[in-house]
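Colleague: Whatever this is, show me its structure:
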Amino acid sequence: MSSTLLWGFVGTLVPVMSNSLRKLPLMRRPWEHVMAFGGGVMFGKCVDSATVYMESNLERVRTSRAAAEAKIAVRRALAAEAAASPSSPPSSSTPATTSAASVDE
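Modeller: Predicted structure coming up:
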């Protein structure tokens with residue numbers, strides 16, 4: 001609410017500054033000030049909604065990135081563990097079976 005009113009005030013300042021730069025009376029056409037206030041309020045609402053949208057999107061990206069980094073850390077730990085443990089070649093009686101699903105999890 002307060003940022004919306006702030007943007008309304010900024011919108012009102014636009015015709016006032018324009019009139020002052022042109023050395024005209026500041027309240028020359030008062031309906032312009034009302035319309036500029038309304039435009040500033042609308043702009044302020046758009047800024048607020050865009051801020052909320054971007055914050056929620058940022059949280060979603062951060063959580064998905066944290067999940068991906070955790071998954072990568074698990075894979076690296078498993079790879080380091082496999083590299084550190086002595087491995088023997090698989091014997092012909094027991095076939096080596098690894099499924100893609102067990103590696104991804």
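
Colleague: neighbours of Ser85, just the number please.
Modeller: Ser85: 7 surrounding residues under other CB atoms under 10 Å. Heads up, the C-betas are built off the backbone N, CA and C, glycines and all.

Colleague: Pull the contacting residues for it.
Modeller: Counting by CB atoms under 8 Å, 6 or more residues apart in numbering, Ser85 makes contact with nothing.

Colleague: which stretches of this protein aren't confidently modelled?
Modeller: 86-105 (pLDDT under 70).

Colleague: can you rerun that using 80?
Modeller: 1-2, 85-105 (pLDDT under 80).

Colleague: Can you classify the residue most central in space within the chain as helix, strand or coil?
Modeller: Central residue of the chain (CA atoms, centre = their mean): Leu58, 3.0 Å from the mean position. Under DSSP: H, G, I helix; E, B strand; the rest coil, the three-state class of Leu58 is helix.

Colleague: can you give me the helices in the chain?
Modeller: Secondary structure of the chain (DSSP state H): helices at 2-21, 30-84, 100-104.

Colleague: Out of those helices, indicate the one that is most buried.
Modeller: helix 2-21 (a mean of 15; mean count of other CB atoms under 10 Å).

Colleague: Contacts for that helix next, please.
Modeller: In this structure, residues lying in contact with helix 2-21 by CB under 8 Å, 6+ apart are 25-29, 32-33, 36-41, 43-45, 47-48.

Colleague: Can you pull the phi/psi pair for Leu26?
Modeller: phi -60, psi -40 (degrees, to the nearest 10).

Colleague: What separation do you get for it and Asp48?
Modeller: Distance from Leu26 to Asp48, counting by CB to CB, to the nearest Å: 29 Å.

Colleague: ditto for Ile72
Modeller: From Ile72 to Asp48 the distance is 36 Å (CB to CB).

Colleague: got the contact list for stretch 41-55?
Modeller: Identification of contacts with stretch 41-55 by CB under 8 Å, 6+ apart yields 3-8, 11.
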